[in-house]
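>>> Got a predicted structure here, sequence first:
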Amino acid sequence: MGQLLTKKRIGKTNLMVSSLCFGTSGLGNMPDTYGYEVDDKRARDTLNTIFDGPVNFLDTSNNYGFGRSEERIGDALRERGGLPEGFVISTKLDRDMDSGSFDASRARKSLEESLKRLGVEKVQVLHLHDPEHASDLKEITRSGGALDELFKIKEEGLADAVGLAMGKLDLMESILWDWPFDALMNHNRWNVINRSADSLFTKAHERGIAILNAAPYASGVLAKGSDVMPRIAYQQATTDALEPVRALEMICAKHNVPLGALALQFSTRDPRITSTAAGVTKPERVQQTIDWATAELPDELWEEIENINFSSEDPEANREYKPG
């Protein structure tokens, strides 16, 4: 449990977070993305298990489940009488989901929607989210645009730290160095089968930007296995794409190690990474994730996986994006 309780700082802020963060997109009920439903009770039980545990970091977004993720978190917090002391919530500014517009006005409205749903006066971490899916990138990056509004929100004290959360690496890098971000969040591009974010993570770490690495299980297959969840980066995976997963499953079986523990610790043991965001949608998955994060894994295992083929390509290049 030690590595979970040893917290790391987000950038140059005073926020200290556990090396494990629980992602809550699935708790917003997103069957188009994950392939299954999550009802209110299951979400509430999962959230209460998180709030009762040793991890002090939870990530959500304005558009997860079209607002349901934040609403369910807010309902759970109201029942508990507010946010537990020392707990850090990260959420994200999102485009208008109908028009794709993402100007300063939309950024401000997104924050207001999030605060209302969560039932809080401010958030600890606030990201600008998924600019690659907005209708006009210039609305975000121009003077007086959504990014300027993000930093204005921080100046007003409505967020303690601000970041950029997205997938597409080339676009992320074109934005990242032009603003004084405290953090970045990227998903599916630094895990045991895809290492395309390696260069960007190194540059960000050297600049003192906190790295929040999301989707260490490649959207599920590295947690549930290739037979149960044959999907990579939210898409049905081909036989060829599953080959390295099956090779890893064989190595883990030989060492009697859960594949999920290997996948999670591949991220948590990386000294560049401040916190690893792993999604959970069942109460029992919370403890399982903690167990995986704290399991003792043999040195031989890490040596053997270096022979596994991994990709440096965009894992979502052919993704059919659905926000639900």
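Received it, and whenever you're ready, just let me know what you need.

>>> can you give me the helices in the chain?
Ranges of helices in the chain, per DSSP state H, are 2-5, 31-34, 40-51, 68-80, 104-118, 137-141, 146-155, 169-176, 198-206, 221-224, 239-255, 259-268, 283-294, 299-305.

>>> so can I have JSON lines of the ones you listed showing mean pLDDT and distance to Ala233?
In short, each C-beta sits where N, CA and C put it, glycine included. Putting the helices of the chain into JSON lines (pLDDT from 0 to 100; distance: least, Cβ to Cβ, whole Å) gives the following:
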{"stretch": "helix 2-5", "mean pLDDT": "61", "distance to Ala233": "27"}
{"stretch": "helix 31-34", "mean pLDDT": "72", "distance to Ala233": "10"}
{"stretch": "helix 40-51", "mean pLDDT": "97", "distance to Ala233": "23"}
{"stretch": "helix 68-80", "mean pLDDT": "97", "distance to Ala233": "20"}
{"stretch": "helix 104-118", "mean pLDDT": "98", "distance to Ala233": "25"}
{"stretch": "helix 137-141", "mean pLDDT": "98", "distance to Ala233": "22"}
{"stretch": "helix 146-155", "mean pLDDT": "98", "distance to Ala233": "26"}
{"stretch": "helix 169-176", "mean pLDDT": "97", "distance to Ala233": "13"}
{"stretch": "helix 198-206", "mean pLDDT": "98", "distance to Ala233": "17"}
{"stretch": "helix 221-224", "mean pLDDT": "94", "distance to Ala233": "9"}
{"stretch": "helix 239-255", "mean pLDDT": "95", "distance to Ala233": "9"}
{"stretch": "helix 259-268", "mean pLDDT": "98", "distance to Ala233": "14"}
{"stretch": "helix 283-294", "mean pLDDT": "97", "distance to Ala233": "20"}
{"stretch": "helix 299-305", "mean pLDDT": "96", "distance to Ala233": "19"}
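
>>> So for Glu316, which of those sits nearest?
Nearest to Glu316 among those is helix 169-176; the distance by Cβ to Cβ comes to 10.3 Å.

>>> now that closest one against helix 198-206, angle please.
Here helix 169-176 runs at an angle of 20 degrees relative to helix 198-206 (axes from the mean of the first three to the mean of the last three Cα atoms, to 10 degrees).

>>> Spell out which residues sit in contact with the residue nearest to the spatial centre of the chain, please.
Central residue of the chain (Cα atoms, centre = their mean): Ala214, 3.5 Å from the mean position. Contact partners of Ala214, counting by Cβ atoms under 8 Å, 6 or more residues apart in numbering, are Gly23, Asp59, Ala165, Met185, Asn186, His187, Asn188, Thr276, Ala277.

>>> follow-up on the earlier one: looking at the helices of the chain, spot the one closest to Leu128.
Using Cβ to Cβ as the measure, helix 146-155 is the one of the helices of the chain that comes nearest Leu128, at 5.1 Å.

>>> helices and strands around the closest one, which ones?
Other helices and strands packing on helix 146-155, by 3 or more Cβ pairs under 8 Å, 6 or more residues apart in numbering; DSSP states H and E, are strand 88-93, helix 104-118, strand 123-129, helix 137-141, strand 159-166.

>>> With distance to Glu306 and mean neighbour count added, can I get those in a markdown table?
Converted to a markdown table, the helices and strands packed on helix 146-155 look like this (distance: least, Cβ to Cβ, whole Å; neighbours: other Cβ atoms under 10 Å):
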| stretch | distance to Glu306 | mean neighbour count |
| --- | --- | --- |
| strand 88-93 | 32 | 27 |
| helix 104-118 | 41 | 19 |
| strand 123-129 | 32 | 26 |
| helix 137-141 | 38 | 17 |
| strand 159-166 | 29 | 24 |
